[in-house]
Every structure is written in C-alpha cells, then in structure tokens.
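1. need a structure here:
(chains A and B)
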There are 2 protein chains.
Amino acid sequence: LLAPAELDHLCVVLVATRNPLNLGAAARAMSNFGFLHLRVVNPYAVAFRQARSAVGASELLSSAEEFQSVAEAVADCQLVVGTTAVGARELHHPLKRLEEGARGIRKHLGRKRGPGRVALLFGSEKVGLSNHDLSYCHWLMRIPTREQHRSMNLGQAVAVCLYEVIRDGKIKSKARSEKAGSATSAALDQITALLVEALHGSPYLKPQRRASTEEKLRRMVRRLNLSVSDGEVWLGMLRQIVWTVKANAKASR
Amino acid sequence: LLAPAELDHLCVVLVATRNPLNLGAAARAMSNFGFLHLRVVNPYAVAFRQARSAVGASELLSSAEEFQSVAEAVADCQLVVGTTAVGARELHHPLKRLEEGARGIRKHLGRKRGPGRVALLFGSEKVGLSNHDLSYCHWLMRIPTREQHRSMNLGQAVAVCLYEVIRDGKIKSKARSEKAGSATSAALDQITALLVEALHGSPYLKPQRRASTEEKLRRMVRRLNLSVSDGEVWLGMLRQIVWTVKANAKASR
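-> Numbering: from 1, shown residues only, chains lettered A, B, ... in the order given. Here you go, the predicted model:
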C-alpha cells in the first residue's frame, strides 16, 4: 500500500481531451483515489474552460497544468506509461494488462531510494494516443475489457486505472473474526427449544419422529449464523409466539 | 477467473438514477466488462427515456428491465450486495471493502454447484441507497476512496466495481520471458567496440584509462536491455558514425 506522499509522485496526463465532462470526471476520480496532479496537453480550449468553470469543479482541475506537447508534459518523469484500448494492433511497445502494469507503477512510486515520478497518459476520446505520443512511453497498459467492446469511456478508464494503483491486494476476508459477535450455543439451543414448543401438537412435529425433527431444527438454527443481538430478538419473538399458542390452546379448551 | 456464462448471473440494479448520462455510462462499463443484465428501479422517467434513445445507446440499455421496487428487482437473486460511499455511519450491515466484497461475489458466481444469481445495487446520485433499499441486501461494499472525497460518480463506481469482479489476480509479470528476444552478448560487445572506436582520439577516451573506460562502457551497454532488433539498429548506426569519423579524419589530414 502506498502512502499519500507516494501517490503525490504520479501525475495523470490527458492528451487532447475533447469533452469537458470527461475532464471533470477524470479529475473527480483522481481526487477520489488521492492523486492530485493533473496535466493537460492541448485540450480543446472550450472544453478546458468549461470544465474548469463547471459547478463543483475541483481545485484539482483549476490547478491543472497545461502543456503544448507530450514531451514537455512528461519531461520531469522517470516512468511514462501510456494507456490503450488496442489489443493486437502492432504496437512497438511492451503491452501489459492493468493488473501487471499497476504493479510496476506501484513499485516505481514506492521504491526505497525515493519515489520516481510517474506520468500516466490517456489519449483523446476519439483516437486515443497517437504513435508520436506513444513514442514517449516506456510501456503501455490496457484495461482488460472484452474483445467485443474494448474502448472505455475516458473518465471511467481513469477511475479504473487509478483504483488498481491504490487497491490493497492484501485485504483478507474478516472471515470469522466476527465469530466473537455470534450467538452462543446456549442461545441457539433455547431458540430451538422454543421452536419445538411452538410447533407442539402441530402435524409438523409427529411424536414418533420428535427426536429427529429436533435435530433437524437444531442444525437449521445453527445455519442461520445469528449474531448475539439477533439471537435475542429471535428469543423474544418466539417466547411471544409460544405464549400466544398456549393462551389460544387454553381458551379453546 | 470467471467464464462469460458465469458473469451472466450477475445483474446490476440501478435504483432511482436521475442522470441519463450516468445510465448510459453504467451500461457502457457493464458492456466493457461483459455484464449484460441491467435492471432499473424507479428511474426518473425522462432520464431513462433519454438514455435509451441516446446516440449509441447500447442494446444492453434497450433490453434493461424496469421494476417498481427493489424487492421485485432482486426477487430471483440469491445474493444481494449494496454499494455505499458511507464509512462510519451506523450501518446495520456488514461492510466490506471492494477487494474483499468482489471476492465474495466471484465465489458465488463461480461455485461448483452452479452459479448463484447476484444483484449488485447502486443508489441514486444524490442520496445513494435508502435504508429500506439496504434492508434487501446481504451485505454492503464500498470502494476504497479517500476519506476527504468519498463519493464517486455513479458511472465510475459501476466501472470500478465490475472491473474488480473480473480482474485477474493471478497475472504474473512476464518478467524476463522476453529475455529470449534480447540481443546476444556478442552483439553487445560489437556495440561496445564500435563505441570505443567512435570515441578514438577524443578526450573522453584517455589512453592511460582506456581499459577501465571500456569496462564502464561495456556495463553501460548491458544496462540498455537491448532487444535483438534494437541491437541491430544500434550496430548499423554506430558503423555509420565510425565510418564518418574516419572519413573526416582522413579528409583533415
């Protein structure tokens, strides 16, 4: 897991973006995941102005740096990674799936001798990055979309890539550490006993099969995985039901 | 990794979505990652109509099923997962980080006795899922956004969640299987020799330090990690340079 100071060394570079909504969406995803440095190369002037002045436009967007060329935008970066939706097109670059590529980026950001500066490039909505843009990249990365529909929306692509960089691969299922909060066996037995009592005299509980039915219920109650508090609620409800059943039985006698 | 037939058992349920662009974006991300079943609960009628008739609106959007309530939308599902941007708010549900939650979803979709049907719920842009909506969920999931900016754009949240479900955690770095395509040591030595020749007589190559400079160059050339074909290009260029250097030397004599 990377520290915020390490994330600080990655900048997102949007090249020739056309749609102000996409600029805004990219900035929002960056902020969501803690990447605060946006660089734009030759954005459509109107789009950039609109995005910056949009209601709720982020600080991030207003502090975005503007460049005339990819070369200038990535000049201070030690690792330049391009994104592409292309699969088999003859690329002159190594192409990594996002899972692998993000690992390389994390390694670069988290290295011991201090983080290297990384640029992550996204091309325009229509044509992506040009071959000229790509020639500044060390390698390329693609999101594993399906072949029949490769190309992602720009803002969504930015979100998915940045998520993969910050995701925590070591998160374990909390599994049964919640077990501590589970109802005790005694509580489960009380619940089973009350169920049996509530069913008393019903055709469900045939006297000759009483033992096996009780076992069945006991197992079923355990499968409910009740918490302590849910166990108490069930106990209370069943007590009420048993009380009602008995009252009715008395009244009908 | 899940097969397409298994992805087929997950449906995305959008509850009370307001913005037609978000409906479109959600549908696009679903198609990108191979999830083709969209259900909408009480969308704003105009938004839904607009999204469906938008240029490039997908088949997926036109085949979306409409429901009047969350109960109806998830009736045939065995696992119902809600999404939330909320962190510490007293939730009455187990809350899992996306990395862990998606693992649970994958397990459910890929189980041996046949996939269970899963519903993944997203609330409206403004208020998310209501407590009533959440009461139909087995557990909740949240994308690990930073505390200062928790809430994601709807289309981006859908993209990130679905990506995590299909991502391949077992992808290894291709590491040096590309080694096979690397230039041979002989080629690297030729390159080193040509560099030395090109530098002949220059102050860089002082006669008394020639051996150590050659070693330095040899190590440096190896650090370039040249491929076979790049090695050939370098050899060709250096031969040209050496030729030019010699021709100039002759001419100036």
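
2. so where's the stretch 51-200 of chain A shaky on pLDDT?
-> Low-confidence segments of the stretch 51-200 of chain A (pLDDT under 70): A:87-90, A:173-180.

3. can you give me the strands in it?
-> Along the stretch 51-200 of chain A, counting by DSSP state E, counting those that start in this stretch, strands occupy A:65-67, A:79-83, A:95-97, A:118-122, A:139-142.

4. I'd like those strands as TSV, with distance to A:Pro20 appended.
-> Where C-beta positions appear, they are placed from N, C-alpha and C, glycine not excepted. What follows is the strands of the stretch 51-200 of chain A, written out as TSV (distance: least, Cβ to Cβ, whole Å):
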stretch	distance to A:Pro20
strand A:65-67	14
strand A:79-83	20
strand A:95-97	30
strand A:118-122	15
strand A:139-142	25
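
5. Just send these back as a markdown table, with distance to chain B and mean neighbour count too.
-> A markdown table is the format used below for those (distance: least, Cβ to the nearest Cβ, whole Å; neighbours: other Cβ atoms under 10 Å in any protein chain shown):
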| stretch | distance to chain B | mean neighbour count |
| --- | --- | --- |
| strand A:65-67 | 20 | 15 |
| strand A:79-83 | 14 | 24 |
| strand A:95-97 | 6 | 18 |
| strand A:118-122 | 14 | 25 |
| strand A:139-142 | 11 | 21 |
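
6. Of those strands, which is nearest A:Asp230?
-> strand A:95-97 (42.9 Å; Cβ to Cβ).

7. mind listing what the closest one pairs with, with the direction of each?
-> Take DSSP bridges as the rule and strand A:95-97 pairs in its sheet with strand A:139-142 (parallel).

8. just to revisit the earlier point, relative to B:Gly114, which of the strands of the stretch 51-200 of chain A is closest?
-> strand A:95-97 (28.9 Å).

9. Show me what the closest one is in contact with.
-> A:Thr84, A:Gly104, A:Trp139, A:Leu140, A:Met141, A:Arg142, A:Pro144, B:Asp168, B:Ile171, B:Lys174 (Cβ atoms under 8 Å, 6 or more residues apart in numbering or on different chains).

10. can you do 7 Å?
-> For strand A:95-97, contacts defined as Cβ atoms under 7 Å, 6 or more residues apart in numbering or on different chains pick out A:Gly104, A:Trp139, A:Leu140, A:Met141, A:Arg142, A:Pro144, B:Ile171.

11. Identify, from the residues you listed, the entry nearest to B:Val40.
-> A:Pro144 (26.6 Å).

12. thought the closest one was touching A:Leu98?
-> Yes. The pair A:Pro144 and A:Leu98 passes the contact test of Cβ atoms under 7 Å, sitting 6.3 Å apart.

13. In terms of packing, which of these two has more residues around it?
-> A:Leu98 (24 against 18; other Cβ atoms under 10 Å in any protein chain shown).

14. Which residue, other than its chain neighbours, is closest to A:Glu6?
-> A:Leu109 (4.6 Å; Cβ to Cβ, 6 or more residues apart in numbering or on different chains).

15. State the distance from the one you found to chain B.
-> 16 Å (Cβ to the nearest Cβ, to the nearest Å).

16. Do the longest helix that chain A contains and chain B come into contact?
-> Longest helix of chain A, by residue count under DSSP state H: helix A:228-252. No. Helix A:228-252 stays clear of chain B (Cβ under 7 Å from any Cβ of the partner chain), getting no nearer than 10.2 Å.

17. can you check stretch A:149-167 too?
-> Yes. Using Cβ under 7 Å from any Cβ, stretch A:149-167 reaches chain B at A:His149, A:Met152, A:Asn153, A:Gly155, A:Gln156, A:Ala159, A:Val160, A:Tyr163, A:Ile166, A:Arg167.
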